[in-house]
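Novice: 3D model of this:
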Amino acid sequence: MEGVRQDTWPHLERTLSALADLYETAPLETRRRCRGEVIQARQHALWAARRLEGEARSERERMREAMLVWLENPPVFRAWAAARRGVSHRTIPGEETDS
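Specialist: As a prediction, this is how the structure comes out:
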C-alpha cells in the first residue's frame, strides 16, 4: 500500500483511486487500513494547511475535501474526481499532468 501522496493533484487522485480499488475488493481488516491511511493523510493536510498561506493553503484545503469525499464513499471517488476535472480543470492550480 503506497498511502496517499499529496504533493500534486494527479498523485493525490492516483493514490486515492488505488486505495478505492483495493477497498472495494479487500477483506475488512484491509479496508480498515485503507480508511486509516486516508484519515491520517487528511490530518496531515490539515497540519500543512495551518502552516501555509494564500493559494497554497486553499489548495491543501481542497485536497482535504477530496479525501473527505473518499472517506464518505470510496467507490464513488473516481467518478467525483473525473467530474471535478471536467468542471474545473482550468481553474485549479497544480492540475498539471505527470510526464
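Novice: how about low-confidence regions in the protein?
Specialist: Scanning the chain for pLDDT under 70 picks out 1, 88-99.
Novice: all helices of it, in order?
Specialist: For the chain, applying DSSP state H gives helices covering 9-25, 28-51, 54-72, 77-88.
Novice: winner for burial among those helices?
Specialist: Among the helices of the chain, helix 9-25 has the highest mean neighbour count (mean count of other Cβ atoms under 10 Å), at a mean of 18. The C-beta positions use only the backbone N, C-alpha and C, and glycine is treated the same way.
Novice: ok, now which ones touch Ala56?
Specialist: Ala56 is in contact with no residue at all, counting by Cβ atoms under 8 Å, 6 or more residues apart in numbering.
Novice: relative to Gly86, how far out is it?
Specialist: Distance, Ala56 to Gly86, using Cβ to Cβ, to the nearest Å: 24 Å.
Novice: and Glu59, by the same measure?
Specialist: 19 Å.
Novice: look up how far Glu13 lies from Gly86.
Specialist: From Gly86 to Glu13 the distance is 13 Å (Cβ to Cβ).
Novice: what does Arg50 give?
Specialist: Taken as Cβ to Cβ, the span from Arg50 to Glu13 is 23 Å.
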